[in-house]
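Q: pasted the sequence and its predicted model underneath.
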Amino acid sequence: SWSLDRLGDIEVAEGNLAVARGLFAEGLEIARTLQDQLGTPASLRDVSWSLDRLGDIEVAEGNLAVARGLFAEGLEIARTLKVQLGTPGSLRDLVVRYYKIASVSFGDEQIDWARKGLEVAKELAASFPDYPDPIFEFMQQYCSDLEESTPSVED
């Protein structure tokens, strides 16, 4: 499925979203089959990433509800992998999934999802201080920007 993902990425770069969607959907089908056969954390993670790629296509085409459903499924997988693995990568993947959900949400809900991602990013930074990833700083800035741009109930 990685080869299909790479081909899909090329199609996205060339603006061929329908072709990319087909490639990503085929990659997701393969990832799900491998997950059913292997049942490994790595095969489960591949399903999650395939869902993200399809979700990104839906966002690009303005289908936010569909994207949200795909991202939500990926979020559940990331939560499972965090519990199973507790590795820096599994924590980072969970932050990314919260960010993806936030990106297709609005208002207070968007801020809530972003804050959940920031909490996991804090956990990552505290648990693995030598892990070289700027995701904590990114999520801090993202939350700050959202809070500044979202009107409060009192406004």
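A: Nice, I can see it. Residues are numbered from 1 along each chain as shown.
Q: can you show me the helices along this protein?
A: Residue ranges of the helices in the chain, as given by DSSP state H, are 2-13, 17-38, 41-60, 64-85, 88-103, 107-127, 135-149.
Q: rebuild these as TSV, extending it with mean pLDDT and mean neighbour count.
A: (Glycine included, C-beta is placed from N, CA and C.) Below are the helices of the chain laid out as TSV (pLDDT from 0 to 100; neighbours: other CB atoms under 10 Å):
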stretch	mean pLDDT	mean neighbour count
helix 2-13	94	16
helix 17-38	97	17
helix 41-60	96	21
helix 64-85	97	18
helix 88-103	97	22
helix 107-127	96	18
helix 135-149	93	15
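Q: so what's the nearest residue to Ser50 once chain neighbours are set aside up against?
A: In space, and not counting its chain neighbours, Ser50 is closest to Leu28: 3.8 Å by CB to CB, 6 or more residues apart in numbering. The neighbours of Leu28, taking CB atoms under 8 Å, 6 or more residues apart in numbering as the test, are Ser1, Val47, Ser50, Leu51, Arg53, Leu54.
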